[in-house]
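**Student:** Curious how this folds, go ahead:
(2 chains)
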Amino acid sequence: MPAREETAGMRWMFWTWMGIIVAGLAAMIAVPLSGR
Amino acid sequence: MRRAIRDNGLSLFFLALFVLALAGQSIAGFVQTNSERTDHGLPAAGFGEFVTSSDFLVDVAENWQSEFLQFFLFIAATVWLVQRGSPESKKPGDEGTGSDEDQRVGAHAHADSPRWARAGGWRTALYGNSLLIVMGAVFLLSWLAQSLGGLVVMNEENAMHGAAAMGWLDYVGSADFWNRTLQNWQSEFLAVGTMVAFSIYLRQRGSAESKPVGTPHHVSALESECPPAALWSSSP
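**Tutor:** Residues are numbered from 1 along each chain as shown, chains lettered A, B, ... in the order given. Model prediction:
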């Protein structure tokens, strides 16, 4: 019977993807602003 | 550990694909850029230099913005528009944001509903639109990133040809910016429209993106056709 509650894995997945997005956006904006 | 991997397999599968595809893009782009630099008699760039250049990042950004625009529009449009028979759509008659009772918010929230769904007021309003807000913000920021990176690349080319540098406002009105933008948008809209229409008549047994194989063609998303009463482990 699968657990019917929030798991640490769910939070890990959410924040991993959020981290990728935030880091990617920061890099894609900062690099051209620095003129590179 | 095995349980955690199985429970999160869908996210992990796409995470692995994303990392591999981005690595592949960076290697292919690096090889191509250095071959062009050699043709122009310029010294080869290092790999680190390439992946932190606008040349690489503008290509990443233009694909990101179109994907997030696709999901932003799909999430927003499926609130108000329906396609009879598509599992991606609610059934005709269910258009709109739904009642508080349907959405289990405020006084209708259950004990295990998210805290901000129970809170009421601005917190419930904000939480009730949080997916659309985040996808929209990522779309706008990656589109901004595309315009900034595209401008740097365009001005590098202008400098090589002895042309004057362009400003940001000129660039966002340029053919280069809109060619990069619209070539990505058209394919996203094609894929979404096709998915909505094909899923009326076609099936993939076992996929959450498909109706069960024996479901009649006229039935839309099952959650809309027959709201599941047993999802919550507690009553309001």
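**Student:** Which strand or helix spans the nearest residue to A:Pro32 once chain neighbours are set aside?
**Tutor:** Spatial nearest neighbour of A:Pro32, excluding adjacent residues (CB to CB, 6 or more residues apart in numbering or on different chains): B:Leu148 at 3.8 Å. All C-beta spots, glycine's among them, are computed from the backbone N, C-alpha and C. Counting by DSSP states H and E, the element that carries B:Leu148 is helix B:130-160.
**Student:** and that helix, how far from the chain's centre?
**Tutor:** How far helix B:130-160 lies from its chain's middle: 15 Å, per CA atoms, centre = their mean, to the nearest Å.
**Student:** next structured bit after that helix?
**Tutor:** Next element after helix B:130-160 (DSSP H and E): helix B:168-172.
**Student:** What's the mean pLDDT across the host helix or strand of B:Leu20?
**Tutor:** Following DSSP H and E, one finds B:Leu20 within helix B:9-39. Throughout helix B:9-39, pLDDT has a mean value of 96.
**Student:** excluding its backbone neighbours, what's nearest the residue nearest the centre of chain B?
**Tutor:** Closest residue to the average C-alpha location of chain B: B:Phe68 at 3.0 Å, with CA atoms, centre = their mean. Of all residues not flanking B:Phe68 in the chain, B:Phe139 sits nearest, at 3.9 Å (CB to CB, 6+ apart).
**Student:** gap between that neighbour and B:Lys90?
**Tutor:** 23 Å (CB to CB, to the nearest Å).
**Student:** and what of B:Trp80?
**Tutor:** 10 Å.
**Student:** and chain B, which of its residues are near chain A?
**Tutor:** B:4, B:7-8, B:11-12, B:15, B:18, B:52-54, B:57-58, B:60-61, B:64, B:138, B:141-142, B:144-146, B:148-149, B:151-152, B:233 (CB under 8 Å from any CB of the partner chain).
**Student:** If any of the residues you listed are buried, put those into a PyMOL selection.
**Tutor:** Selection of buried members from the residues of chain B next to chain A for PyMOL, criterion 16 or more other CB atoms under 10 Å in any protein chain shown:
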select buried, chain B and resi 7+8+11+12+52+53+54+57+58+60+61+64+138+141+142+144+145+146+148+149+151+152
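**Student:** for chain A, what are the low-confidence residue spans?
**Tutor:** A:1-3 (pLDDT under 70).
**Student:** For the closest residue in space to B:Ala145 that isn't next to it in sequence, list the residues it contacts.
**Tutor:** Spatial nearest neighbour of B:Ala145, chain neighbours left out: A:Met28 (3.6 Å); criterion: CB to CB, 6+ apart. A:Met28 sits next to B:Leu57, B:Val60, B:Ala61, B:Trp64, B:Ser142, B:Ala145, B:Gln146, B:Leu148, B:Gly149 when contact means CB atoms under 8 Å, 6 or more residues apart in numbering or on different chains.
**Student:** Now do the same for A:Met28: helix, strand or coil?
**Tutor:** Three-state call for A:Met28 (DSSP: H, G, I helix; E, B strand; the rest coil): helix.
**Student:** where's B:Leu17 relative to B:Ser11, distance?
**Tutor:** For B:Leu17 relative to B:Ser11 (CB to CB), the value is 11 Å.
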